[in-house]
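Novice: the sequence isn't on hand, but the structure is:
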């Protein structure tokens, strides 16, 4: 996934339930990060995720937080499948696009040398964020499985409802 303008991921989950998990995780993480290039317009089981605009490579090079958020969004689908206990044989292929985005954003040769380790740190942060947001991921995945696609408004509503539900049940 060299740009976030549109996804289907380079490798897709083998069945609809797993594909919904994969797409829901990416869509939830993109929505929660709140960055303009990660603004989801539509999530579709058939067409993947459609974003409002592609990230500007110059902005990624200048804004470390933006770059990290977008790399984490790119990793979310495969990390979610692993958290859900699904086998993921094409992990290296799926992470290659995130590593490419990371490498294009790093300008210092020293950072380039440790890009793979940096990606693992971002992968761990993605997993932690998804664990905290797992309720939202499950609610969005269920809606996607039921309806086949969700628009930006429906996605936001489902995330908001899941957050409210979690807040009520944990307090």
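Specialist: Now that the structure is in, tell me what you want to look at. These numbers were taken from a predicted model, which means no experiment stands behind them.
Novice: and residue 41, how many neighbours does it have?
Specialist: As a burial measure, residue 41 scores 13 neighbours (other Cβ atoms under 10 Å). Bear in mind the C-beta positions are built from the backbone N, C-alpha and C, glycine included.
Novice: that one belongs to a strand?
Specialist: Yes - applying DSSP: H, G, I helix; E, B strand; the rest coil, one finds residue 41 inside a strand.
Novice: residue 150 is in contact with that one, correct?
Specialist: No - in this structure, residue 41 is not within contact of residue 150 by Cβ atoms under 8 Å, at 10.4 Å.
Novice: and the next helix or strand past the helix or strand bottoming out on mean pLDDT in the chain?
Specialist: Lowest by mean pLDDT, DSSP states H and E among the helices and strands of the chain is strand 6-7, with a mean of 52. Where DSSP states H and E defines the elements, the next helix or strand beyond strand 6-7 is helix 16-33.
Novice: so where does residue 99 fall, helix or strand?
Specialist: Going by DSSP H and E, residue 99 is in helix 91-105.
Novice: report the distance from that helix to the chain centre.
Specialist: 13 Å (Cα atoms, centre = their mean, to the nearest Å).
Novice: which helices and strands does it pack with?
Specialist: Here helix 91-105 is seen to pack against helix 57-62, helix 64-83, helix 115-132 when contacts are counted using 3 or more Cβ pairs under 8 Å, 6 or more residues apart in numbering; DSSP states H and E.
Novice: quick check: residue 27 vs residue 97, distance?
Specialist: The gap separating residue 27 from residue 97 is 17 Å, by Cβ to Cβ, to the nearest Å.
Novice: which one of the two is surrounded by more residues?
Specialist: residue 27 (31 against 19).
Novice: surely the more buried one touches residue 40?
Specialist: Yes - in this structure residue 27 lies within contact range of residue 40 using Cβ under 8 Å: 5.2 Å.
Novice: what residues are shared contacts of the two?
Specialist: Among the neighbours of residue 27, those also in contact with residue 40 (Cβ atoms under 8 Å, 6 or more residues apart in numbering) are 49, 155.
Novice: so which of the helices and strands packed on helix 91-105 gets nearest residue 144?
Specialist: helix 64-83 (12.4 Å; Cβ to Cβ).
Novice: which helices and strands sit right next to the closest one?
Specialist: Judged by 3+ Cβ pairs under 8 Å, 6+ apart, the packing partners of helix 64-83 are helix 16-33, helix 57-62, helix 91-105, helix 115-132.
Novice: return the distance of that helix from the chain's centre.
Specialist: That offset, for helix 64-83, works out to 5 Å (Cα atoms, centre = their mean).
Novice: go through it and flag the buried ones.
Specialist: 66-81, 83 (16 or more other Cβ atoms under 10 Å).
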